[in-house]
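*Asks:* Generate a structure from the sequence data that follows.
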Amino acid sequence: HTLALTDDGQLYGWGCNIQHRMGIKKEGDKFKPTLISFFKDYIVEKVSVGMSHSLVIASPKDNRSKKMVFSLGKEEEVFDHYGITEEESKDMEIIITHLKTFDHLEPYMVEAGNRTSFVAFKGDKLPSSEVGVHEGTKCEVTGESPIKGIIHFYKDEEKKLHVLSEAGYKKAKDTLPAVVFATKYPIKNLESKKFPKIKEIDLLVNKDETVHETYPHYITNLKVGDKPLTRLELTETEFHNSNTSDLDPLIFYRISRPLSKGKDLPVMNLPDYFKQTKQKGLTIELSPDYSYIKNEKIIEKAKDTHKEIYEQVVKFPVQCDRELLEALEKHIKDNDLNFDETNSSKIEIVPSSLTFKSKKIKGLPDKAKQQRINALLKYNEYFLKTIPYVLLDEETLTQMATSRDTNREKLNELFIIGKGLAFSSIKHKYIKNIVNNLPCNWDQPECKIKRRK
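*Replies:* Numbering: from 1, shown residues only. Model (predicted):
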């Protein structure tokens, strides 16, 4: 199926509408662009089509600053990628769902896949930031009701429930019991839930022993059925700030002093407090790869440095080069020194650690050999770094092969001239780099190799 946006933010669809994937109530194929009437009061800004559903970011016409996420489609008992519950999937009257989970954030991109959905947001907030609305709770200090965000709670000797909002916690934290509970996710019917009874005298060190400046700490000791969960221990600041553990509904013990030696907090079973779903959180870290982006400044710097190091290298007796290169490569390999982009600048090798056969190189002063070793290591370091910026196409190679004059101002030609002083492992890396980027034709899985002698 296909979706298209008009200049004024209206949405049209055509193609297959099985499972209402275009947001049109009547299933079946649409052979002409058809207006998706649900969005007549919205300005649609972003859209993405998946295998069997679609995602949309739209703003109400009377509130353009509000960004709302919608999923289009419905399939009974198949619901995760629509962002709905199993119960909601049974209501076939609603085929476009407003995903209210994201209303407090600013979405700017959606991507629909094969029963997968992704939403990206502006700003530094996690999707879980301030997501908790604890229905039926009231802060006994500030009066806030319902409480949003983090809550601290505990039951006293008379089994009365005490609940504090974030603002209430800041005012009352010095008067709280030594052990209380804290969570960022709503627990339905909180008052009726049973929590472990804690006697601080049995678990915590004596409060008169030492002043513990880093406390309170927030600790989890949780399981899901028979499966224990990874234990977390956070400082007060870490807990109150957004962190990766916010994606999961967790309950923390907030303890004002360290645990006594050999003591531990009771294990809580999460399904006793939260309803289990099949939905999962995903954290993605993106690192841009600039290897194949042409950057003239980097090329210029690499060219100048390459030329400077090359000039130092060629002053050494040519007949000793091959043996010295082989000795260096053998030493690097035997000692697992890993000569790559990360480690090449850290490697140091002295002449006494190398084994030479010829009398000529043995007879050279150690200072001359050390200078040459340093120059070769540095040269190969820069040679390695030039690989992503060297493109040796057929035209360039032909021109270099037929020309009598060498242009040392071009990085490509410097690369060819200098490859005789490069480690074999680096040359193999360059060849692999070229091979991995060859175009593939699966109808004719072969390639012709042209090689100059």
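
*Asks:* quick one: the residue nearest to Asp103 when sequence neighbours are not counted and Phe118, what's the gap?
*Replies:* Using CB to CB, 6 or more residues apart in numbering and skipping residues adjacent in sequence, the residue nearest Asp103 is Met68, 6.8 Å away. To be clear about C-beta, it is placed using only N, CA and C from the backbone, and glycine gets the same treatment. Distance, Met68 to Phe118, by CB to CB, to the nearest Å: 16 Å.

*Asks:* so where do the helices sit in the stretch 1-150 of the chain?
*Replies:* With DSSP state H, counting those that start in this stretch applied, the stretch 1-150 of the chain shows helices at 86-89, listed in chain order.

*Asks:* Okay, now the unreliable bits of it?
*Replies:* Residue ranges of the stretch 1-150 of the chain with pLDDT under 70: 124-131.

*Asks:* The same query, at a cut-off of 80, please.
*Replies:* Low-confidence segments of the stretch 1-150 of the chain, defined by pLDDT under 80: 76-77, 86, 123-132.

*Asks:* can you check the stretch 151-300 of the chain too?
*Replies:* Along the stretch 151-300 of the chain, the model assigns pLDDT under 80 to residues 207-213, 242-248, 276-300.

*Asks:* cool, the stretch 301-450 of the chain as well?
*Replies:* Residues of the stretch 301-450 of the chain that meet the criterion pLDDT under 80 lie in 301-319, 341-343, 385-421, 429-450.

*Asks:* higher neighbour count, Met68 and Phe118?
*Replies:* Met68 (18 against 14; other CB atoms under 10 Å).

*Asks:* Quickly list what that one is bridged to.
*Replies:* With DSSP bridges as the criterion, Met68 is bridged to Ala58.

*Asks:* how about the strands in the stretch 51-200 of the chain?
*Replies:* Assigned by DSSP state E, counting those that start in this stretch, the stretch 51-200 of the chain shows strands spanning 54-60, 68-72, 96-98, 107-112, 117-121, 133-134, 147-148, 151-155, 161-164, 179-183.

*Asks:* Now for Lys333: which residues touch it?
*Replies:* Neighbouring residues of Lys333 by CB atoms under 8 Å, 6 or more residues apart in numbering: Ser425.

*Asks:* And it, which helix or strand is it part of?
*Replies:* Secondary structure assignment for Lys333, by DSSP states H and E: helix 318-334.

*Asks:* got a list of contacts for the helix or strand that comes right after that helix?
*Replies:* Per DSSP H and E, helix 318-334 leads on to helix 359-362 as the next helix or strand towards the C-terminus. By CB under 8 Å, 6+ apart, the surrounding residues in contact with helix 359-362 are 317, 319-320, 323-324, 356, 369.

*Asks:* one more time with 7 Å, if that's ok
*Replies:* Contacts of helix 359-362 from elsewhere in the structure, counted by CB atoms under 7 Å, 6 or more residues apart in numbering, are 317, 319-320, 323-324, 356.

*Asks:* Between those residues, which sits nearest Ser242?
*Replies:* Leu324 (54.6 Å; CB to CB).

*Asks:* show me the residues around that closest one that make contact.
*Replies:* Residues near Leu324 by CB under 7 Å, 6+ apart: 361, 372, 376.

*Asks:* neighbours around the last one, how many?
*Replies:* By other CB under 10 Å, 23 other residues sit near Leu376.

*Asks:* Glu326 is in contact with that one, correct?
*Replies:* No: if you go by CB atoms under 7 Å, Leu376 and Glu326 don't touch, sitting 11.4 Å apart.

*Asks:* top helix in the protein by residue count?
*Replies:* Using DSSP state H, we find that the single longest helix of the chain is helix 366-386.

*Asks:* Pull out the buried residues from that helix.
*Replies:* For helix 366-386, burial by neighbour count (16 or more other CB atoms under 10 Å) applies to 369, 372-373, 375-386.

*Asks:* ok, now stretch 424-436?
*Replies:* Within stretch 424-436, the residues that count as buried by 16+ other CB under 10 Å are 426, 429-430.

*Asks:* Which residues does stretch 152-168 contact?
*Replies:* Here stretch 152-168 makes contact (CB under 7 Å, 6+ apart) with 137-142, 144, 147, 149-151, 169, 172, 177, 180-182, 190-191, 195, 254.
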